[in-house]
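Student: My questions are about this predicted structure, shown below with the sequence.
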Amino acid sequence: KKRGEESVACRICKKKVQLKDMRNHVGQHVLLSLRNCEDKSANCEIGINPCGWCGIEGKCRTRLMETATSTAVTSDCKYHYAKMVYKRAVLPSNRSPSTNVPLNCPLCLPGGETHTFWKYSLLYHMTMHH
C-alpha cells in the first residue's frame, strides 16, 4: 500500500493528489457526475457505483466491517487510504469536505453477508434493488 503523503494521479482527471486526499478529490468528480454537471477536468465517464478511492467502477472491492466497538474498511483498490479514520470521514470539515464513505446496505441479506457501497452511490443501489 502507498503512504498517505505520496502523490498519485487521479484516474479520472490525471491531476496529482496526495493519497490521503484522493477520497475527497474523487468525491468531487462523483458529485458532479451525479448532478449531471459538466466536469471539464474529467477524462472518462463515471459509472453509477464508482470506487470512492479511485473513481473507477467495477474494478475495486471495498468492505466495511462493523462491530459493537470498531469500524474497519478494507479494500483491494490501489488508492485505498488504510489510515482513514472512519468516524472523522463521515463528518464534513474544511480540510475534508467529502462524506463519501463505505456503507453497508441495511436491506441486503439481514443477518447474512453484508454488501458495501459508497455513500454517494447507495441511493442508486437502493432504488434499483429494493
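Tutor: Now that the structure is in, tell me what you want to look at. Numbering: from 1, shown residues only.
Student: Could you use CA atoms for every contact and neighbour count after this?
Tutor: Noted.
Student: So residue 12 sits against residue 42, correct?
Tutor: Yes: Residue 12 lies in contact with residue 42 (Cα atoms under 8 Å); the separation is 5.3 Å.
Student: Neighbour count: these two, which is higher?
Tutor: Counted by other Cα atoms under 10 Å, residue 12 and residue 42 do not tie: residue 12 has more neighbours, with 19 against 16.
Student: Surely that one is within a helix?
Tutor: No: Residue 12 is assigned coil when assessed by DSSP: H, G, I helix; E, B strand; the rest coil, not a helix.
Student: which stretches of the chain form strands?
Tutor: With DSSP state E, the ranges of strands along the chain come out as 7-9, 16-18, 62-66, 71-75, 102-104, 116-118.
Student: that older thread, overlap of the contact sets of residue 12 and residue 42?
Tutor: Both residue 12 and residue 42 are in contact with residue 29, where contact means Cα atoms under 8 Å, 6 or more residues apart in numbering.
Student: before we move on, back to that, which of the strands of the chain sits closest to residue 31?
Tutor: strand 116-118 (12.0 Å; Cα to Cα).
Student: list the helices and strands that closest one packs on?
Tutor: Under the contact criterion of 3 or more Cα pairs under 8 Å, 6 or more residues apart in numbering; DSSP states H and E, strand 116-118 touches strand 62-66, strand 102-104.
Student: Now do the closest residue to residue 7 other than its chain neighbours against residue 38, distance only.
Tutor: Leaving out its chain neighbours, the residue that sits closest to residue 7 by Cα to Cα, 6 or more residues apart in numbering is residue 18, at 4.1 Å. Computed with Cα to Cα, to the nearest Å, the distance linking residue 18 and residue 38 is 24 Å.
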